[in-house]
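> structure of the sequence below:
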Amino acid sequence: MLLETLGLDSAVKLATPIAKKLFKSKLQPLIESKVANFFKTKKAKKHFEMSSIKYIARLTGQCSIMNTIAFQNAPKKLEDLYINLTIVSGNGDEKIVVDDDSNVFKSSNHILINDTAGMGKSTLSKKIILNVIKQNEYIPVFIELRQIENKPIEEFVAENFGLPVENCIDIIKELPLLYVLDGMDEVPNDIKKNVIVYLKAFIEEVGDSKIMVTSRDETFLSEFYSFTQYRIQKLNNNEAYSLLSKCDPVGNVSKKLILGIKGNHSRGIREFLSTPLYVSLLFCAYRYKTVIPQKKHLFYSQVYEALFESHDLSKEIGFVRPKYSKLDSAEFHSVLRRLGFWCLKNNGQIEFQKDALEIVVSELLSNINGIDAKAPSFVKDLTTTVPLFVKEGSTLRWSHKSLMEYFASMFICNDAKTKQAPLLLKFFEGDSWSSVTNMFELCADIDYGTFRVAIVRKVLEKYINHTQSTHQKITNRLIAKNLIELRASLTFSFGCIFEMSDKTEIPKFDDVILRKFVGSRQKEVTRRAAHIRVMQHQKIVGVDSSITCIFSEDKNTEIMRIIRSKSPELFLKTSKKKRDYELLVENSTLKKEKTYVLDDNPKSLINNSKNFGFVNYIISSFNDYVLDKKAVINELSLLEEDESNGINDLIDGV
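Prediction:
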């Protein structure tokens, strides 16, 4: 049995009866009651009815299908490829399996799903919308936030439902609407602040409504600290195998691939299996070449080769369709690298009007010697013979943001040459660092030597400066020197407020304290608010006790994640044993149900001899990236001796 292809028009047609039924049960009664006064004529009422049914049908149709690069963006039924994803709350104490009957809003009306590239946020959004429609209690509104631009959200809703723009927010508040706002990270950086302003204003207006926002983990999410935060749980092996089997129901490829995976014990393959996007791309790559790649950039490279060489992965392997641009694989890849970097530097743009994309490509082609191609032909290849872009009406967009980041990273590491290190530093020091973290990971994968010299050294030097400047006023002789040194390491790129409690539910932190904490951290790290990220987590340390912490991280933490994957010996292993907590809390004078703000004031209760070690324990429970000062000094010394990563020795004497 082959997977069925279902076009959008067919999906919308199938969904129209559902839309009519939903309108009749949820909106029709309101026309004659709560919102009757807003419609002056029968024509206005009819327009509302027709527009609403059309919107609900189209939304249902869109959510019923998914374009996946594994099938050359040929739309497949969502139900045929979806595996149940699990979302986990920030404190880890709540898990929701998003299946046919789930309700993600059972604990909170406002939820934020933030995770890394490829974890399935958009697919999850579609599944949740289909569930809402099936449950027939609310009418979902789905907004891809990159499309908002400079328009208030209520106007977007009004246009889709055929509402009069005047007083539209008053009507909207009376309708049983539920909002799914997808892809905040895909909003171009230059308009992101405006979109956040619109979003916060809209949330304030419809605050009692159920609202879900999805995004990669970026700094601006600190604006939504009041939302209940969830992450998508990584796939386990069986879930990954299930998804591979769904991609290939016949089993000709999936069975061989699964067998190969089971015999592969590398750490790299485990990372690919944990992410829905990578699992589907692994299927795509393996069908072209029966080799399991071990690094991210090799993984994307193999996917690209599969797309370039094979027109339709549902057909015979050997079929290759001629390219309209007449370019070979290397030439096409060269243009894509420049296009990816152009998008990255232009606020992370992933979506274009066709004419605008052709203009960009034309300019890029004019500056590449030795490549002769026409922009319209190249753009046509992008949606047909090498389908890295998806076409939706007159709009063209990268089929996944991570593909753009791969080509941009390849440009930085392969084409920029002597400008590679300065470029990396420019992005690292920029306001939008959190929107390019996937690029940093890819560049570290492609050329860790240069990444180490440019970025790793910068972070390690910042760490040393921090340890030499903080907690210098803690001179109490009853506090061991090693504890003070540990505190300095624990607080690098990390700030927090915390509260101990006998209760297991998350406390509501005082807004004044919270705003003061966020403000002080922003001032400490930089004057620009875009440089920190605020999260809330809770640790249950006993049957009836817990520590809740709201903590902030900055760009250095993101780099430390990469460093630890490459050089784990640079990090401390801090103790998090339960018995340590019980012993420390007995000797502590900290009070329960009281909020404490992390600082280095010697007069602060958290910094006296009774509590210093205990507070170190609390911080280490939440901070997973604690550098070892001695190891860092040694690493900086090695960098000072030879920043060429051994190349100078190799070419010496030539």
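> could you look up the SS state of the residue lying closest to Gln472 once chain neighbours are set aside?
Residue nearest to Gln472 in three dimensions, not counting chain neighbours: Asp600, with 7.9 Å by CB to CB, 6 or more residues apart in numbering. For glycine as for every other residue, the C-beta is placed from the backbone atoms N, C-alpha and C. Of the three states, Asp600 takes coil according to DSSP: H, G, I helix; E, B strand; the rest coil.
> got a list of what Asp600 touches?
Thr470, His471, Gln472, Lys473, Ile474, Arg487, Thr491, Asn607 (CB atoms under 8 Å, 6 or more residues apart in numbering).
> for Ile69, same thing?
By CB under 8 Å, 6+ apart, the neighbours of Ile69 are Ser280, Leu281, Cys284, Val303, Leu307, Pro387, Leu388, Ser399, His400, Leu403.
> distance of it from Ser399?
From Ile69 across to Ser399, the span is 5 Å (CB to CB, to the nearest Å).
> any stretches of the stretch 101-250 of the chain with poor pLDDT?
219 (pLDDT under 70).
> mind listing the strands for the stretch 201-350 of the chain?
Secondary structure of the stretch 201-350 of the chain (DSSP state E, counting those that start in this stretch): strands located at 210-216, 228-232.
> tell me the most buried of those strands?
With neighbours defined as mean count of other CB atoms under 10 Å, those peak in mean count at strand 210-216, which reaches a mean of 23.
> quick one: contacts of it?
Contacts for strand 210-216 (CB under 8 Å, 6+ apart): 104-105, 109-117, 121-122, 124-125, 128, 138, 178-185, 199, 203, 221, 224, 227, 435, 437-438.
> show me these that map onto strands.
His110, Ile111, Leu112, Ile113, Asn114, Asp115, Leu178, Tyr179, Val180, Leu181, Asp182 (DSSP state E).
> and the residues you listed, which is closest to Ile65?
Checking the ones in strands among the contacts of strand 210-216 against Ile65 by CB to CB gives Asp182 as the nearest, at 15.6 Å.
> for the closest one, what are its contacts?
With contacts defined as CB under 8 Å, 6+ apart, Asp182 is in contact with Lys121, Ser122, Ser125, Phe142, Ile143, Glu144, Leu145, Thr214.
> and the closest residue in space to Glu218 that isn't next to it in sequence, what pLDDT?
Nearest residue to Glu218, sequence neighbours excluded (CB to CB, 6+ apart): Ser434, at 4.1 Å. We have a pLDDT of 79 for Ser434.
> Ser434: neighbouring residues, count only.
Neighbour count of Ser434, defined by other CB atoms under 10 Å: 21.
> keeping just the C-alphas, turn stretch 384-399 into CSV.
Output in CSV follows, covering the C-alpha atoms of stretch 384-399 (Å, rounded to 0.1, in the frame of the first residue of the first chain):
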residue,chain,number,x,y,z
THR,A,384,9.7,21.1,-8.9
THR,A,385,12.9,19.2,-9.7
VAL,A,386,14.7,20.1,-6.5
PRO,A,387,11.8,20.8,-4.2
LEU,A,388,13.5,22.7,-1.3
PHE,A,389,10.7,25.3,-1.5
VAL,A,390,7.0,24.9,-1.1
LYS,A,391,4.6,26.9,-3.3
GLU,A,392,1.4,28.2,-1.8
GLY,A,393,-0.4,30.4,-4.3
SER,A,394,1.9,33.2,-5.3
THR,A,395,4.1,32.6,-2.2
LEU,A,396,7.2,30.5,-2.2
ARG,A,397,9.0,29.5,1.1
TRP,A,398,11.7,27.2,2.3
SER,A,399,10.1,23.8,3.1
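> tell me the buried residues in it?
By neighbour count on 16 or more other CB atoms under 10 Å, the buried set for stretch 384-399 is Thr384, Thr385, Val386, Pro387, Leu388, Phe389, Val390, Lys391, Leu396, Arg397, Trp398, Ser399.
> and stretch 470-488, by the same measure?
Across stretch 470-488, burial judged by 16+ other CB under 10 Å covers Thr470, His471, Ile474, Ile479, Leu483, Ile484, Leu486, Arg487, Ala488.
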